[in-house]
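Peer 1: Requesting a structural model of the entry that follows:
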Amino acid sequence: MVWQNKWQTLKRSLGIYRHPIAVRMFFLGFSSGLPLLLVFGTLSFWMRESGVDLKTIGFMSWAGLCWALKWVWAPLVDRLPIPVLTRRLGRRRAWLIAAQTMLIASLAGMAMTDPASHLPVMAALAVATAFSGATQDVALDAYRIESGSEKEQAAFLATYQTGYRLAMIWAGAGALAVAAAAEESMLGGWRTAYLVMAASALVGPVAVLMSPEPPKPTEVRKRASAHGLAAWIYSAVFLPFLDFFKRFGWWALVILLLIATYRISDVVMGVMANPFYADLGFSKQEVAAVSKVFGVVMTLLGAFVGGIVAVRIGVMRTLFLGAVLSAATNLLFAVLALRGHDMLFLVFTVSADNLAAGIASVAFLAYLSGLTNVAYSATQYALFSSVMLALPKFLAGFSGAAVESLGYNGFFTATACLGIPVLFLVAAASYVRRKLPSEPAGGGSQRQR
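Peer 2: From the prediction side, this is the model:
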């Protein structure tokens, strides 16, 4: 009887993944996860093979700062209509289609560029790809938050993260495998790989066109009748930020500090992962094979475990667990640096890293979603996710210089240590969560905690 009750409870917990929106979020998550590594890790492997030095590779990662600065244009995505598209598709889907179209074009441009002989052009196209991907994320985060209740967000994020992580594996291991297989082709390996990635990005527009537009929150509909540029700027730009600081007061600084540092160990380490594999003598085929098999399995496991664990023990405890695992797995890279070309240990390291990332990502994004007010979902979520990336991606730009100074072993150990202060910030944020009321003074439509 006890086991039957547990089985029924598990079935109810897993049933949320059959929700139509949860299924759609898988494909939209794939579209969101595709561009990051193509201007980050995969591009660094291509550049290293082309003879670009580590310092330049590190600085090129600053293209990813577009994701950290997306709060600047998020108010436009939140409020500005796109001629024709908004009338036909709605405000969220219109921006998604526009961003995805730009993304496909910029990826195709990268495919036709040689980083060794046209590095400035490649840098510009990488920035364009990052800008398009960041804009897509602004609209997509708002679409997800507005599509369901807070209780449903963890499940939506689990399927979203599964699609996102699979896209990252495809953009990482998949791109490496395609590049290796097509080395002797007429187009060449890397050109073929990036053209395949551009074609893969078509998943995004197809998913958007097959998805309904979410309803506008009541507060947004009331403000839509406001006239004048000043009123529009006030409601679109200032109110979302004022709302956040009004709800949390000085504790908002603690929350922002946690957001700014939670993924710091992973992001700073990530730029040098592929150059590290290349310098250890691992081939594109070997890295692709390990990432394809073990990366996919552990990513799926991590995302779904993270979603279920968050439901069972709470977001904050899962957030703490994710922080511990993320920092600890960086030490495995430090050990691999000492062991050298060890395929078995590479498998273990990649598996552990993907499992930790899946758990941490689901918990962290669920936490961010719970902080937003649905009246300002695009702008506020863009603020949070921008703060999340600004400091880590800035520091990541110096990762090449750090490796040249410390060596790979010292570098990976240092990135693991960066995760220690995060544990104290999670504890402080948990206190804030218990201390503050679940609704702001005066009420308001929101998904808070």
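Peer 1: contacts, neighbours, all on C-alpha from now
Peer 2: Noted.
Peer 1: Surely A252 and F241 touch.
Peer 2: No - judged on CA atoms under 8 Å, A252 makes no contact with F241 at a distance of 10.7 Å.
Peer 1: in the stretch 301-449 of the chain, which spans are helices?
Peer 2: Taking DSSP state H, counting those that start in this stretch as the test, the helices found in the stretch 301-449 of the chain are 315-339, 343-371, 377-396, 399-417, 420-435.
Peer 1: So for A175, which of the ones you listed sits nearest?
Peer 2: Across the helices of the stretch 301-449 of the chain, A175 has its closest neighbour in helix 343-371 (16.8 Å, CA to CA).
Peer 1: OK, contacts around the residue nearest to V121 when sequence neighbours are not counted?
Peer 2: Distances taken as CA to CA, 6 or more residues apart in numbering place T113 nearest to V121, at 7.3 Å, with adjacent residues excluded. T113 sits next to V121, M122, R191 when contact means CA atoms under 8 Å, 6 or more residues apart in numbering.
Peer 1: just the helices of the stretch 301-449 of the chain: most buried one?
Peer 2: helix 377-396 (a mean of 25; mean count of other CA atoms under 10 Å).
Peer 1: Pull out the CA atoms of it and give them to me as PDB.
Peer 2: These are the backbone C-alpha positions of helix 377-396, laid out as PDB (Å, rounded to 0.1, in the frame of the first residue of the first chain):
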ATOM      1  CA  SER A 377       8.200  39.900 -16.800                       C
ATOM      2  CA  ALA A 378      10.400  40.500 -19.800                       C
ATOM      3  CA  THR A 379      12.300  43.500 -18.400                       C
ATOM      4  CA  GLN A 380      12.700  42.100 -14.800                       C
ATOM      5  CA  TYR A 381      13.700  38.600 -16.000                       C
ATOM      6  CA  ALA A 382      16.200  40.200 -18.400                       C
ATOM      7  CA  LEU A 383      17.600  42.300 -15.500                       C
ATOM      8  CA  PHE A 384      18.100  39.100 -13.400                       C
ATOM      9  CA  SER A 385      19.600  37.000 -16.200                       C
ATOM     10  CA  SER A 386      21.800  40.000 -17.300                       C
ATOM     11  CA  VAL A 387      23.200  40.400 -13.800                       C
ATOM     12  CA  MET A 388      23.700  36.700 -13.700                       C
ATOM     13  CA  LEU A 389      26.100  36.900 -16.700                       C
ATOM     14  CA  ALA A 390      27.800  40.300 -16.400                       C
ATOM     15  CA  LEU A 391      30.500  39.600 -13.900                       C
ATOM     16  CA  PRO A 392      31.200  36.000 -14.900                       C
ATOM     17  CA  LYS A 393      31.500  36.800 -18.600                       C
ATOM     18  CA  PHE A 394      33.700  39.900 -17.900                       C
ATOM     19  CA  LEU A 395      36.000  37.800 -15.800                       C
ATOM     20  CA  ALA A 396      35.900  35.000 -18.400                       C
END
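Peer 1: Setting aside sequence neighbours, what's the nearest residue to V39?
Peer 2: Counting by CA to CA, 6+ apart, V39 lies nearest to A126, which is 5.5 Å off, once chain neighbours are set aside.
Peer 1: ok, now which ones touch the one you found?
Peer 2: V39, A63, S106, M110.
Peer 1: Next, the angle from the strand or helix carrying L125 to helix 343-371.
Peer 2: Per DSSP states H and E, L125 falls inside helix 119-146. Per axes from the mean of the first three to the mean of the last three CA atoms, to 10 degrees, the angle that helix 119-146 makes with helix 343-371 is 50 degrees.
Peer 1: gap between helix 119-146 and the chain center?
Peer 2: Put simply, helix 119-146 sits 11 Å off its chain's centre (CA atoms, centre = their mean, to the nearest Å).
Peer 1: got the residue ranges for the helices in the stretch 101-250 of the chain?
Peer 2: Applying DSSP H, counting those that start in this stretch to the stretch 101-250 of the chain gives helices spanning 119-146, 150-169, 175-181, 189-200, 203-209, 218-223, 229-233, 239-248.
Peer 1: Next, the buried residues of the longest one.
Peer 2: Judged by neighbour count (16 or more other CA atoms under 10 Å), helix 119-146 contains these buried residues: 119, 122-123, 125-146.
Peer 1: low-scoring stretches of this structure, by residue?
Peer 2: Counting by pLDDT under 70, the ranges of the chain that qualify are 1-20, 148-155, 216-237, 291-293, 295-296, 373-379, 381-382, 436-449.
Peer 1: So which of the helices of the stretch 101-250 of the chain is the most surrounded?
Peer 2: Across the helices of the stretch 101-250 of the chain, averaging neighbours per residue (mean count of other CA under 10 Å) puts helix 150-169 on top, at a mean of 26.
Peer 1: Packing partners of it?
Peer 2: helix 20-38, helix 119-146, helix 296-313, helix 343-371 (3 or more CA pairs under 8 Å, 6 or more residues apart in numbering; DSSP states H and E).
Peer 1: Helix 343-371 and that one, what's the angle between them?
Peer 2: Using the same axes, to 10 degrees, helix 150-169 lies at 150 degrees relative to helix 343-371.
Peer 1: Can you tell me the SS state at F45?
Peer 2: helix (DSSP: H, G, I helix; E, B strand; the rest coil).
Peer 1: Confirm for me that it is in contact with P275.
Peer 2: Yes - contact criterion CA under 8 Å: F45 and P275 qualify, at 5.6 Å.
Peer 1: Can you give me the neighbour number for I104?
Peer 2: Using other CA atoms under 10 Å, I104 has 22 neighbouring residues.
Peer 1: what do you get for A99?
Peer 2: Neighbours of A99 under the rule other CA under 10 Å: 23.
Peer 1: Is it correct that it is in contact with V138?
Peer 2: No - counting by CA under 8 Å, V138 is not a contact partner of A99; they are 9.9 Å apart.
Peer 1: Overlap of the contact sets of those two?
Peer 2: With CA under 8 Å, 6+ apart, A99 and V138 have no common neighbours.
Peer 1: Now do the phi/psi pair for G249.
Peer 2: In terms of degrees, to the nearest 10, the main-chain angles of G249 are phi 60, psi -140.
Peer 1: try M112
Peer 2: The phi/psi pair for M112 (degrees, to the nearest 10) reads phi -100, psi 10.
Peer 1: ok, the residue nearest to it when sequence neighbours are not counted - contacts?
Peer 2: Of all residues not flanking M112 in the chain, R191 sits nearest, at 6.1 Å (CA to CA, 6+ apart). Going by CA under 8 Å, 6+ apart, R191 touches M110, A111, M112, T113, A179.
Peer 1: give me the number of residues near the second one?
Peer 2: Counted with other CA under 10 Å, the burial measure for A111 works out to 22 neighbours.
Peer 1: about what we covered before: tell me the one of the contacts of R191 nearest P215?
Peer 2: Out of those, the member with the shortest distance to P215 (by CA to CA) is M110, at 36.8 Å.
Peer 1: isn't the closest one right up against Y194?
Peer 2: Yes - in this structure M110 lies within contact range of Y194 using CA under 8 Å: 7.0 Å.
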